[in-house]
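**Q** have a look at this prediction, sequence included:
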Amino acid sequence: QVIREGGLLEYFPVEDNRYELGGFDRLKEWLERARTGFSKEAQKFNLNPPKGILIVGVQGCGKSLAAKTIAREWRLPLLKLDAGRLFDKYIGESEKNFRTAISLAESMAPAVLWLDEIEKGMAPSGGIESDGGLSRHLFGSFLTWLQEKKDEVFVVATANDLSMLPPELLRKGRFDEIFIVDLPNAQERESIFKIHLELRNQDGRSLDLSRLVKATDGFSGAEIEQAVSYT
């Protein structure tokens with residue numbers, strides 16, 4: 001309730017998260033290993049929990065869905081931080097909003113914090129100084145928190161354009177891993193078809209999936225979803 005009233009974060013309860021992800025095999029393998037960082041065994045050896053990942057790639061290929069799926073697989077609440085909600089016309093209020101949002105996320109730990117299209121919030125199209133340096137200040141605050149955080153808040157940042165991200169964000173020690181997402185291959189397209197057909201109570205065995213997979217060469221996951229939902 002406090003999160004909803006604050007208006008800075010969007011809250012996705014664990015029980016309402018039923019998202020599934022087709023493909024992303026390497027990401028799934030890494031997540032299976034990384035989840036042990038939240039275990040009691042890891043705490044016993046004073047091991048730090050995983051910090052987070054950056055997912056970069058083509059629009060409509062499941063980056064946002066990956067964030068939702070991670071929270072579902074790990075049975076953790078998902079918090080979405082939209083950088084646009086942080087900005088305020090009064091001096092100092094944007095930084096205050098950021099600290100408030102981070103404090104709320106830490107109070108929910110363990111949790112997954114999703115930063116969608118991080119390049120738009122950290123590097124505006126008019127240049128990093130086009131807003132009087134405000135984005136730079138927020139970016140610096142975010143880097144400091146990401147580097148030093150101890151609470152079990154797993155960050156999932158997504159971006160469409162890697163070239164717009166400041167190099168400081170990409171160096172080792174910020175994120176645990178960076179994953180590049182491309183258009184789905186044939187096997188992944190078949191998996192995506194099966195997921196969306198099942199969601200609509202359709203039996204994929206009654207369809208010629210191999211023909212559909214071949215016909216959708218070059219489609220993104222979002223385009224396949226639309227093809228199923230409007231068929």
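**A** Yep, that arrived.
**Q** next, count neighbours for Asp25.
**A** Neighbouring residues of Asp25 were enumerated by other CB atoms under 10 Å; the total is 10. Every residue, glycine included, has its C-beta placed from N, CA and C.
**Q** quick one: pLDDT of it?
**A** Per-residue confidence for Asp25 comes out at a pLDDT of 87.
**Q** same check, this time on Asp88
**A** Value for Asp88, per-residue pLDDT: 62.
**Q** and the one 3 residues further on, by the same measure?
**A** According to the model's per-residue confidence, Ile91 sits at a pLDDT of 59.
**Q** do I have it right that Leu31 meets Ile70?
**A** Yes: because the distance of 6.2 Å satisfies CB atoms under 8 Å, Leu31 is recorded as touching Ile70.
**Q** ok, these two, which is more surrounded?
**A** Neighbour comparison, Leu31 and Ile70: the larger count goes to Ile70, with 26 against 19 (by other CB under 10 Å).
**Q** helix or strand for that one, which one?
**A** Using DSSP states H and E, the secondary-structure element containing Ile70 is helix 63-74.
**Q** and for that helix, what's in contact with it?
**A** 12, 14, 17-21, 24, 27, 31, 35, 38, 55-57, 77-78, 80, 111-112, 114, 116, 154, 156, 158-159, 181, 221 (CB atoms under 8 Å, 6 or more residues apart in numbering).
**Q** most remote residue from the middle of the chain, which is it?
**A** Note on the chain: the largest separation between a C-alpha and the mean C-alpha position, by CA atoms, centre = their mean, falls on Ser206 (34.3 Å).
**Q** now that one: how far from Ser191?
**A** Distance, Ser206 to Ser191, using CB to CB, to the nearest Å: 18 Å.
**Q** kindly report the same for Lys214.
**A** In terms of CB to CB, Lys214 sits 15 Å off from Ser191.
**Q** which one of these two has more residues nearby?
**A** Comparing Lys214 with Ser191 by other CB under 10 Å, the one with more neighbours is Ser191, at 19 against 11.
**Q** can you dump the C-alpha atoms of the helix holding Ile70 in CSV for me?
**A** What follows is the C-alpha trace of helix 63-74 in CSV, where atoms were taken according to Å, rounded to 0.1, in the frame of the first residue of the first chain:
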residue,chain,number,x,y,z
LYS,A,63,13.5,-8.3,-22.2
SER,A,64,10.7,-7.0,-20.0
LEU,A,65,9.2,-10.5,-19.9
ALA,A,66,12.5,-11.8,-18.6
ALA,A,67,12.3,-9.5,-15.6
LYS,A,68,8.8,-10.7,-14.8
THR,A,69,9.9,-14.4,-15.3
ILE,A,70,12.9,-14.0,-12.9
ALA,A,71,10.6,-12.8,-10.1
ARG,A,72,8.2,-15.7,-10.8
GLU,A,73,10.9,-18.4,-10.8
TRP,A,74,12.5,-17.0,-7.6
